[in-house]
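1. Fold the following.
(4 chains)
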Amino acid sequence: MLELTGIINWIHETLMANIPASWLVSLIEYVLIGAGFLALYAVLALILIYFERRICAFFQCRLGPNRVGPFGVFQVIADMVKILLKEIISVKHIDKVLFYSAFFIVIMGSFLTFGGLQFARGVHGADFNIGVFYLLAVSSISIVGVLIAGWASNNKYALIGSMRAGAQVISYELSAGLSLLTMVILAGSMNLSTIIEEQADAWFIFQAPIPVLIALVIYLIAGHAETNRGPFDLPEAESELTAGYHTEYSGIQFGFFYLAEYVNLFIIAAIATIVFLGGWQPFHIVGADGFNAVMDYIPTWAWFFGKAFALIFLSLWVRWSFPRLRIDQLLHLEWKILLPFGLFNLVLMAVWVIIFK
Amino acid sequence: MEVKNLRVKSMKNEDFNNNDYLEKYVEELHKGGVNVAIGVLDDVINWGRSHSVWPLTFATSCCGIEFMCVGAARADFARFGWEVTRNSPRQADVIFVAGTIVYKMAPVLKRLYDQMAEPKYVIAIGGCAISGGPFKDSYNVVQGVDKIIPVDVYVPGCPSRPNAMLYGMMQMERKIKLESFFKLPKKPIITKEEEIRAQIDEESKDVKTSK
Amino acid sequence: MKTIKDIISAVAPGVAIEEAQYPTVTLDPDKVRGVAAKLKEEGFDYLISLTGMDYGDKLGVIYHLSSSANEHKQDVIVLKTSTADRENPLLYTVCDLFKSADLYEREVFDFFGIRFINHPDMRRIFLRSDWKGFPFRKDDDPSVNAVPCTNVTPSDLENVPSITIDSDGNVTEKDKMLFGNNEYVVNFGPQHPATHGVLHLRVSLDGEIVKKIDPNFGYIHRGIEKMSEKLTYPQILPYTERLDYLSGSINRHAMCMCVEKAAGFEVPQRAQYVRCILDELTRIASHLLGWGCMCMDMGAITAFIYGMRDREHIMDIFEESAGGRLMTGYSVIGGLAQDVHPNFVNRVKEFIPYMRKMLKEYHILFTGNPIAANRMHGIGWLTKEEAVALGTTGPTGRASGWSCDVRKIAPYAAYDKIKFNEILRNTDTLKGDTFDRYYIRLDEVLESLNIIEQLVNNLPDDGFRAKVPPIIKLPAGEYHQRVENARGDFDVFISSDGNKNPYRVKFRSPCMTLISALDPLCRNEKIADLIMIGGSLDYVIPCADR
Amino acid sequence: MINYLKSIFSGIWALMQGMYITMLNFCRKKVTEPYPENRGKHQPFERFRGELTMPHNENNEHKCTGCGICQMNCPNHTIKVITKNITTEDGKPKRVLDQYLYDLGSCIFCGLCTQVCPQKAIAWSNHFEHAVFDRSTLVKQLNHPGSKKVENPVVAKPAAPAAAAKPANDAPKDNNENKN
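-> Here you go, the predicted structure:
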């Protein structure tokens, strides 16, 4: 009843019953799914922005937005109204084509990744047999947008910022890939559905606690470095490069970067949830059937978003506690700490799988 | 929107200074009559704008420290949704001129203002920004930023208390709520670059001849 | 141990030593450099300040020299020189002896039009390069300059004029370019979140590496010194607070003491104690803000908010007793404006344990953080010699092992009645890095708490204000007062001709020398380090620009 | 190798301690003072210099003689005392206060005027809500229209503190009346 599959099936059946041409049904469903994803994308970004602003305020002994609507929940909507209607400045001496395509590439990258996620039992856009590989591939598209934005702006701050972003992503992609690969060994599949099904009895983190925990930590660090969020926000580096790669963007163009940043935050948390924490699978203890039944009663989408938001909270906690790394420290962390640990963990996982499975 | 319909959470209209200015302002805006549909749309837009004003991180002197205090835990302008300070003028909505503007800084301030995207607002904080304040007699201080850029709200004080700035922000909020998206208000015209250059040349000529 | 007089007569034989507040020597322009060089060999290696003067018929410069060595730390030697040529005044530079003179001489050129021979960089420092006239000359009319609103920055920032003289006395002027054509020059400021005000840094970069920095001042030059010449002494007081607004009450205290000493007013003990408490509270507030800003420069915004949160307690104490938050306006000539509020003592006593607890949290949150520690350790070394040559006093100098605390060197107000330590780091290695400059501020907060604790427990009860005449006139002469503000050695120099207005006022700004330290400290470091080192120096631009 | 691992784990330990501090503050009581909500309840301290006022007693009388000492002592010409000559009832010419103009927009709140005033005719109020849209409204006339000097200051003295206690209400009223 609380599951979303019921609604989806109902829509599908009503359409099938009323429209004779099956291609038309498929077309309508594609449009509906697209619209649904877009809506979810925007709503998630808004929720996350509000979430971050309140939580950041709480970490800093402040109250945060609380005057627009009850508890300030309409704050972000006001922001959206404003940013939509803000003037878009046409900057002189820019590479026009690249400048105006950069934010679309950023949004596209995050949206493509969004399409590959699994939100609840039976709720997902596309289910590839190489799902993990797909996520890794498309999630790094947005960095191309960042690089282009920095280059096309004809601004020295933006250029430095985007070059930093390039160096950062090339390095951290490696660790993120390695830690996901570790999990692929455990799951024996790259298909996200299979990975989630594998975790029905126990999440991966309980199946092989030591290597999975190491992989999770590495993935979270690398993931946040990829999304350019503090303490890895070097491409933006507010106190150094004013606004980094999006210095020259105004109005909704900047709004796209802003949205993408928050959705990327969610995407990292979502992938971590799916691969390490069982995705939408409820918390089960083998043998305790009564307990499992209670857990099953909670809808799967609640499980998924609950876990994802817990990870997001962790990320915010880290972000608002630590200072920013310097570029050489950033590379040091990747090449001298995360990568050796990741490689070691890969071997450890292989051994673990051989011994325990 | 009428001045009497303006609502600011936990404040009454009578609590605000200078309401007669707003009444005149609205009168001028409504001169051609108001379309009802556009009026409602305006209200929605202005609601969004007035509650999401992102300041530019700009401060020149003492008032800047009090401006930091507004951002810090005690006063916390995040409650109003103003805390997203942008370092790039392209993304900012309001510039708090917190501090003295001297002759060397004046062109920079003008440039910052020009770099901001419309709609943009200016709040002059403290005596220096309003009138030159303590440095009225100085040879190098601009006697009020309204000589360079149009100012929306003046917040007196030297430096003004954080709460006084919050009050100024609420005044700004009220002014934005009266605006019309489809009929932008006239901003006081600040003389253009060439004219000022010509003026400077002429003045220096005058001085020379008088000597 | 030689007395100062012996030293002076040894380095400048046959010159009369004037007995004023300090031993004063008047020299011909061509002799100053030689005497200064010899004095430097004798240990007088710290140029406190360099003051331009317009004597009416002559234009001159006053040098205040002191020593970093322990035996002569208290001593100040004053050298004076002047030239009668008002059309094209030329003096010899001392900037190869004292690095700090570099900016001081540019300042004198900017204000008085005195050019210094052999100085490598004779650009205007505070005023726009198209400014007409020299505002500090008594016969100057600054009103010929109109408000500039043009969007164009003056183009001649690049050109560095200098003036040299050869052995035959031929003067040659030449220009050279500051940056090469192939250099990647990035502007930091004037509007930049991390320059702590409106400093303009032109930074030549090689990728992320900083190659050269050219600080560009004057974006907040308000001409306070010139304005003071038209104001009475009580009227100057509020302006001293607006120099370095973070140590406002300390600066005001300096001005009050200078006038009181010159006019011979006795200040009640209670007033002196309260002033000291206020000074230390101001220092804590300033260091908290400095700490917070440095953390924010490194990306830890939460730490900044914590610093500001605890600073508000001090602001409450100020506001309750003095009636102002940032600008207390509490010290007046002769004592305090009004007696302390009945709650004052309790509030201060509550604040001390609270702050101690919070300091521990700061250390756990930020000092212990490996990211922060790794960023700060080993970056931006400043040796003691360099600190003395640059004149970077205050916490920055003390982090390099230079004992330069004026509260110890020349105790004023109640500082000789209490026990406190001068916080020094690296007294053995004699060089300090960014971490030392960061850490010493938190240590100083702790020491300030100790000072306040001693003072507030022994508050005397002998009235808060002495009787002063309604119109204060200082006898003709020159007066100098040093205090330790939150950033270093802040000096007030008053030259009086017996009127109710001073003839010339000069404030020695500790921040200007701190900014001049940016270039040597940041070379070959990264952009992120430039911002962080700037934070660790903790300069306040309006103080440097005045 | 051992040092390498040691440094990593000690680093992680230190990071977690930092996170503990932020979590501690997450759970602490928030220090924000909700300004417009607590209006009226929480005022700045009494001595706070928010605005210069001229306390009037219930007969609309003030104590200013128009001597102009405050104007002379003001560092930046914020105060303008305009006097006029009238003839008193017994036929003597007398100089009295006509307008006491105070420019809030350029005041630096140094307090010199109140310190030097021989009559203690002016005082500070802790009212701080001054933000306006129009620069010219910041120039205020402190003496109420039609007010005159207290004839016998000794009698008026007890009234002065009472007037000073609620100067916050006085100032805007004063301001409005000017415009009418």
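2. Residue numbers of chain D in contact with chain B?
-> Within chain D, the positions near chain B by C-beta under 8 Å from any C-beta of the partner chain are D:30-37, D:39, D:44, D:48, D:50, D:75-77, D:103-109, D:128-135, D:137-138, D:172, D:175, D:179. Yep, even glycine has a C-beta here, placed from its N, CA and C like the rest.
3. For those residues, which ChimeraX command selects only the ones that are buried?
-> Selection of buried members from those for ChimeraX, criterion 16 or more other C-beta atoms under 10 Å in any protein chain shown:
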select /D:30,31,32,33,34,35,36,39,44,48,50,75,76,103,104,105,106,107,108,109,128,129,130,131,132,133,134,135,137,138,172,175
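4. those helices in chain B, which residues are they?
-> B:19-29, B:36-51, B:62-71, B:106-115, B:126-131, B:162-178, B:193-210 (DSSP state H).
5. Close to chain D: what parts of the stretch 151-300 of chain C are there?
-> Residues of the stretch 151-300 of chain C lying near chain D (C-beta under 8 Å from any C-beta): C:231-232, C:234-235, C:237-239.
6. from these, which are also near chain A?
-> By C-beta under 8 Å from any C-beta, no member of those lies near chain A.
7. Which of these ranks first by neighbour count?
-> Neighbour counts for those peak at C:Y239, which has 27 neighbours (criterion: other C-beta atoms under 10 Å in any protein chain shown).
8. okay, the strand or helix carrying that residue in CSV with CA atoms only?
-> Secondary-structure element containing C:Y239, defined by DSSP states H and E: helix C:233-241. Taking C-alpha atoms only, helix C:233-241 is exported to CSV below (Å, rounded to 0.1, in the frame of the first residue of the first chain):
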residue,chain,number,x,y,z
TYR,C,233,42.8,66.7,21.2
PRO,C,234,39.5,65.4,22.5
GLN,C,235,38.1,65.4,19.0
ILE,C,236,41.0,63.3,17.7
LEU,C,237,40.1,60.5,20.1
PRO,C,238,37.2,59.0,18.2
TYR,C,239,39.3,58.9,15.0
THR,C,240,42.1,56.9,16.7
GLU,C,241,39.5,54.2,17.3
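9. Centre of the chain to the next helix or strand after that helix, how far?
-> Downstream of helix C:233-241, the first helix or strand assigned by DSSP H and E is helix C:248-263. A distance of 15 Å separates the centroid of the chain from that of helix C:248-263, by C-alpha atoms, centre = their mean, to the nearest Å.
10. Please name every helix or strand in contact with helix C:248-263.
-> Judged by 3 or more C-beta pairs under 8 Å, 6 or more residues apart in numbering or on different chains; DSSP states H and E, the packing partners of helix C:248-263 are helix C:233-241, helix C:269-297, strand C:331-332, strand C:477-485, strand C:488-496.
11. Please name the nearest non-neighbouring residue to residue 52.
-> Answering for chain A, as no chain was given. Excluding the flanking residues, the one nearest A:E52 by C-beta to C-beta, 6 or more residues apart in numbering or on different chains is A:L316, at 5.9 Å.
12. that's the other chain; I wanted chain D
-> Nearest residue to D:L52, sequence neighbours excluded (C-beta to C-beta, 6+ apart): D:Y102, at 5.3 Å.
13. which parts of the host helix or strand of that neighbour are buried?
-> D:Y102 is part of strand D:93-103 when elements are defined by DSSP H and E. By neighbour count on 16+ other C-beta under 10 Å, the buried set for strand D:93-103 is D:97, D:99-103.
14. near chain B, which residues of the stretch 201-350 of chain A?
-> Residues of the stretch 201-350 of chain A lying near chain B (C-beta under 8 Å from any C-beta): A:238, A:242-243, A:246-251, A:254.
15. Turn these into TSV, columns for neighbour count and pLDDT.
-> Shown next, in TSV, are those (neighbours: other C-beta atoms under 10 Å in any protein chain shown; pLDDT from 0 to 100):
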residue	neighbour count	pLDDT
A:E238	22	74
A:T242	26	77
A:A243	25	78
A:H246	30	83
A:T247	26	83
A:E248	24	84
A:Y249	28	86
A:S250	26	83
A:G251	19	82
A:F254	23	86
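16. By proximity to chain A, which residue of chain C wins?
-> Relative to chain A, the nearest point of chain C is C:G299 (2.8 Å; C-beta to the nearest C-beta).
17. how many neighbours does that residue have?
-> Neighbour tally, C:G299, other C-beta under 10 Å: 29.
18. ok, it - contacts?
-> Counting by C-beta atoms under 8 Å, 6 or more residues apart in numbering or on different chains, C:G299 touches A:230-231, A:233, A:237-239, A:322-324.
19. ok, the residues you listed vs chain C, which is closest?
-> Closest to chain C out of those is A:R324 (2.8 Å), distances taken as C-beta to the nearest C-beta.
20. what about the closest one, how many neighbours?
-> Here the count is done by other C-beta under 10 Å, and A:R324 has 28 residues near it.
21. again with C:D168
-> Count around C:D168 with other C-beta under 10 Å applied: 5.
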